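> sequence-free structure coming up:
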C-alpha cells in the first residue's frame, strides 16, 4: 500500500492495536539450509528455486531474497504477475515464467526482462515474431501437461531463438516408476537439438534420483519448504513452517456432552476443551477432525469434533493452566499432516490462509 492510500485509512487504525489470532512462523534459515543441502546433492549442477504461488504461500520476496544471498541465481514462477512481484528482489533476467507467454503478455514480458518458458509451437512463433529475446523452452517428455511436442522440435530449432534453458518435468519422480527412465531417455534425445542451452529436468524429488537426472540446473520446490517427496531426503530436510493459533474460549464438558458439527465426538467423562481460532478457511484441513494435533508447552493435544471454518476444538489435560488469549502450537510437520489429512504437502502449504500473520525468523 502506498503512502497516499495509507492516509485514507480511518484514523488511529493500526495492526499493532490487536493481537493476531494466527501466526505463521517461517524459518528462512531452514529454507536456506534446505537449498544448500539440495545444492550439495547436485554436484556441479546449479540449483535454482521454485518460488511460484508466493513461494508456496510463504512469501516470494522474503524467500527469494534469502536464497539470492545464499547464491541461488535461477528462480521459477508460474505467472507474469509473480515475476513482477519479484522485481527489485532478484534480477529479472534470472526469473523464468513457467506458464509461457500469450499475445497480451509479450510487450510486458519484454519490458520486464524475465524469461518466458515457451510451451508450444504457437508460443515460439509468437516470441520470434515479436522480436523475442532470451527465453527458456519446455519439452514434453511424457507428462502431457506443458511443453512442446517432439515433432515440433526441429521447427523451433530453426527459429534461432536465444534459448537459455531447455527443460522438462517428471511426472512420477516421487515414486519408483519406469516412467522416470522413459522421460529421461526422451529428454536426452529431444534436448540434444539445443546443444548450447542449459538442460534442466529435476525437481525436488528428482534430485534424489541422482546425477543422471540433474543435468546443468535443478528446480527444487517443495523440499525447500520442508517437504520430503522421497525417503532419501527425510533426514536432511528441516521443517520451515510453525503455525500458532490463539485460544478464544475454554469450556468444561460433562460426560455425554457432544462436540462440534454433527456431534462426531462425545465426552466419555468430564474434561476441559479449548476453542482455537483456526479452521479450514485458514488451510487447516477439515479431514483432521478428531485426529489433528496441537501442542501446549510441548504437551500434545488432540482435536475433538469437526474442524469448522474458523474454529477447531482440542481436548485439554487435567489441571491445565491454559487461559483464553494464550497460543497453542499447531503440529505441522508436512508429511505427517499429509498422511493424516489425505492432502499433498503442496496443497497444504499453498492453502495456508491470509489470516495468518507471517513472522520471519532470519
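Happy to help now that I have it. This structure is a prediction, so every number in the text was calculated from the model and none was measured.

> okay, and the helix or strand of the protein with the least pLDDT?
helix 3-6 (a mean of 40; mean pLDDT, DSSP states H and E).

> so which residues of the stretch 251-362 of the chain form strands?
258-259, 265-266, 271-276, 293-296, 299-302, 312-316, 327-330, 357-361 (DSSP state E, counting those that start in this stretch).

> closest one to residue 169 among those?
strand 357-361 (28.7 Å; CB to CB). (Each C-beta comes from the backbone N, C-alpha and C, glycine too.)

> and the closest one, what other elements does it pack with?
Secondary structure elements in contact with strand 357-361, counted by 3 or more CB pairs under 8 Å, 6 or more residues apart in numbering; DSSP states H and E, are strand 22-27, helix 28-41.

> run the last query once more with 10 Å
Counting contacts by 3 or more CB pairs under 10 Å, 6 or more residues apart in numbering; DSSP states H and E, strand 357-361 packs against strand 22-27, helix 28-41, helix 60-70, strand 241-253.

> residues contacting residue 300?
293, 294, 314, 317, 329, 331 (CB atoms under 10 Å, 6 or more residues apart in numbering).

> filter these down to the buried ones, PyMOL style.
In PyMOL, this line selects whichever of the contacts of residue 300 come out buried by 16 or more other CB atoms under 10 Å:
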select buried, resi 293+294+314+329+331
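
> among the contacts of residue 300, find me the one that's closest to residue 205.
Closest to residue 205, out of all of those and judged by CB to CB, is residue 331, at 24.1 Å.

> can you pull the buried residues of whichever strand or helix holds residue 180?
Using DSSP states H and E, residue 180 sits within helix 178-191. Within helix 178-191, the residues that count as buried by 16+ other CB under 10 Å are 180, 183, 184, 186, 187, 190, 191.

> likewise for stretch 328-335?
Here stretch 328-335 shows 328, 329, 330, 331, 332, 334, 335 as buried, counting by 16+ other CB under 10 Å.

> ok, of these, which one's closest to residue 350?
Closest to residue 350, out of all of the buried residues of stretch 328-335 and judged by CB to CB, is residue 334, at 11.7 Å.

> look at the residue lying closest to the closest one once chain neighbours are set aside and report its pLDDT.
Nearest residue to residue 334, sequence neighbours excluded (CB to CB, 6 or more residues apart in numbering): residue 345, at 4.2 Å. The model reports residue 345 with a pLDDT of 96.

> ditto for residue 12
53.

> do the same with residue 302
98.

> tell me the centre residue of this structure?
residue 56 (2.2 Å; CA atoms, centre = their mean).

> look up phi and psi at that one.
phi 60, psi 30 (degrees, to the nearest 10).

> give the contact list for the spatially closest residue to it that is not a sequence neighbour.
Leaving aside its sequence neighbours, residue 56 sits nearest to residue 349 (CB to CB, 6+ apart; 4.5 Å). Taking CB under 10 Å, 6+ apart, we find residue 349 in contact with 53, 55-58, 221-222, 225-227, 240-241, 283, 332, 334, 337.

> residue 120 now?
By CB under 10 Å, 6+ apart, the residues touching residue 120 are 100, 126, 138, 140, 146, 147, 148, 149, 152, 156.

> do that again at 6 Å, thanks
For residue 120, the contact set (CB atoms under 6 Å, 6 or more residues apart in numbering) comprises residue 148.

> what's in contact with stretch 330-344?
By CB under 6 Å, 6+ apart, stretch 330-344 touches 226-228, 239, 241, 243, 245, 285, 287-288, 291, 293-294, 345, 348.

> so where is this protein shaky, pLDDT-wise?
1-16 (pLDDT under 70).

> give me the domain ranges for it.
Following automatic domain parsing, one gets these domains for the chain: 28-233, 241-361.

> what's the most buried one of those?
domain 28-233 (a mean of 19; mean count of other CB atoms under 10 Å).

> regarding it, how distant is the last residue from the first?
By CA to CA, to the nearest Å, the extent of domain 28-233 from end to end equals 19 Å.

> for residue 345, see how far away the nearest residue to residue 330 once chain neighbours are set aside is.
What sits nearest to residue 330 in space, not counting adjacent residues and going by CB to CB, 6+ apart, is residue 243, at 4.0 Å. Here residue 243 is placed at a distance of 14 Å from residue 345 (CB to CB, to the nearest Å).

> likewise for residue 335?
7 Å.

> on that earlier part again, ok, the residue nearest to residue 330 to residue 325 distance?
Remark: distance between residue 243 and residue 325 (CB to CB) = 17 Å.

> next one: residue 223
From residue 223 to residue 325 the distance is 36 Å (CB to CB).

> can you check residue 55 too?
For residue 55, the distance to residue 325 - CB to CB - is 31 Å.

> who's in contact with the helix or strand residue 109 falls within?
When elements are assigned from DSSP H and E, residue 109 belongs to helix 106-112. Residues outside helix 106-112 that contact it (CB under 6 Å, 6+ apart) are 92, 101, 116, 130, 133.

> switch the cut-off to 10 Å
Counting by CB under 10 Å, 6+ apart, 80-81, 83-84, 86-87, 92-93, 95, 97, 100-102, 105, 114-116, 123, 126-127, 129-133, 135 sit against helix 106-112.

> and the helix or strand following that helix, what does it pack against?
The helix or strand immediately downstream of helix 106-112 is strand 115-118, counting by DSSP H and E. The contact analysis (3+ CB pairs under 10 Å, 6+ apart) places strand 115-118 against strand 75-77, helix 80-86, strand 95-97, helix 106-112, helix 121-129, strand 135-138, strand 163-167.
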